[in-house]
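Chemist: sequence unknown, structure follows:
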């Protein structure tokens, strides 16, 4: 009887294990929430394309940079005010000068230019139906990078789940182009691939830094770095290229007064919350798992589009949703496997 009682007691998880498990579960919830919220971000950015001058064809190369600047500026403002109110501004300054801060800055440089910039350009050139599946491949990029940089072990089960998620997103979002595909479409696909690479590398860099920096501080650094790059370098350079043939510098005033800018700024506020959930999730439950759950933004985007735009619910949507759910179960796996977040897939 004593032996049996001891065995039962040994099978019960300790308080420390329970706390670690609850911590990991919260990370999974945040990862799912970040994907859901980011899909709303995309709908708001898409809405801005209906307004002048965002809808001018001759400004096609400049619009993604204007969108990225407005998006990340509003997000930077929101996160800075939140950290100011919470008394974390001093932590922001110290983090910027630290070694972990340099990892976060490196992630921000890659994520803002290649990730967000590539995504905005891809949406303009190819449209979300083609772009979302390609950008959703970024967890695969991050998973491979994480193996070599932060030594995160990816189990065969998790690799299979990741493959299911990617396959499901492709099933949901991919629609074959009708007729001949122009060079613009291929350029859009190239930018989408660039976004996947940028977001994957950003996640690994940011997670390395967040071992010593709070996620909300890391996120603030990201948006400050991104805003600075677009405001001081990318938008001025693209303006010099595009504006001489499109009406001169007065076009910038049209952007500033356009209602489309309000949609992008609102998207930045929504995106800030999404990114905050994403950064916390990566820190709480591991890079590969958090990113694989985050890519459900492609599924959420189609669901919300069906609700708000009366899009047709197709068989592809149903099949893709089931495949994604199956992949998620494989990635999450046995809840007790989440106790060691850096070693479990």
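Modeler: That came in fine, so what should we check first? Just so we're clear, the structure is a prediction, and the values are computed from it rather than from any experiment.
Chemist: So which bits of the helix or strand hosting residue 228 are buried?
Modeler: Counting by DSSP states H and E, the element that carries residue 228 is helix 215-229. Buried positions in helix 215-229, judged by neighbour count with 16 or more other C-beta atoms under 10 Å: 215-227, 229. Any C-beta I mention is one placed from the backbone N, CA and C, and that applies to glycine too.
Chemist: ok, and what's touching stretch 192-207?
Modeler: Contact partners of stretch 192-207, identified using C-beta atoms under 8 Å, 6 or more residues apart in numbering, comprise 103-104, 106-108, 110-111, 113-119, 122, 126, 130-131, 134-142, 145-146, 149-150, 218, 222, 279, 282-283, 287, 290-291.
Chemist: Narrow these to those in strands?
Modeler: Applying DSSP state E to these, no entry is found in strands.
Chemist: Buried members of those into PyMOL, please.
Modeler: The buried residues among these can be selected in PyMOL (16+ other C-beta under 10 Å) with this line:
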select buried, resi 103+104+106+107+108+110+111+113+114+115+116+117+118+119+122+126+130+131+134+135+136+137+138+139+140+141+142+145+146+149+218+222+279+282+283+287+290+291
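Chemist: any low-confidence regions in the chain?
Modeler: 1-13, 129, 150-152, 173-182, 288, 309-313, 317, 332-345 (pLDDT under 70).
Chemist: what about residue 154, is that helix, strand or coil?
Modeler: coil (DSSP: H, G, I helix; E, B strand; the rest coil).
Chemist: Who are the contact partners of the closest residue to residue 295 other than its chain neighbours?
Modeler: Leaving aside its sequence neighbours, residue 295 sits nearest to residue 136 (C-beta to C-beta, 6 or more residues apart in numbering; 4.1 Å). Going by C-beta under 8 Å, 6+ apart, residue 136 touches 165, 166, 169, 170, 173, 196, 295, 297, 298.
Chemist: Pick the one among those residues closest to residue 80.
Modeler: residue 297 (25.0 Å; C-beta to C-beta).
Chemist: Could you give the number of residues near that closest one?
Modeler: 26 (other C-beta atoms under 10 Å).
Chemist: Same check on residue 47?
Modeler: 18.
Chemist: Now do the buried residues in whichever strand or helix holds it.
Modeler: Assigned by DSSP H and E, residue 47 belongs to helix 15-48. Going by neighbour count (16+ other C-beta under 10 Å), the buried part of helix 15-48 is 20-21, 24, 27-28, 30-48.
Chemist: show me the contacts for the residue lying closest to residue 139 once chain neighbours are set aside.
Modeler: With sequence-adjacent residues excluded and distances taken as C-beta to C-beta, 6+ apart, residue 139 is closest to residue 291, at 3.6 Å. By C-beta under 8 Å, 6+ apart, residue 291 lies in contact with 31, 138, 139, 142, 143, 200, 203, 282.
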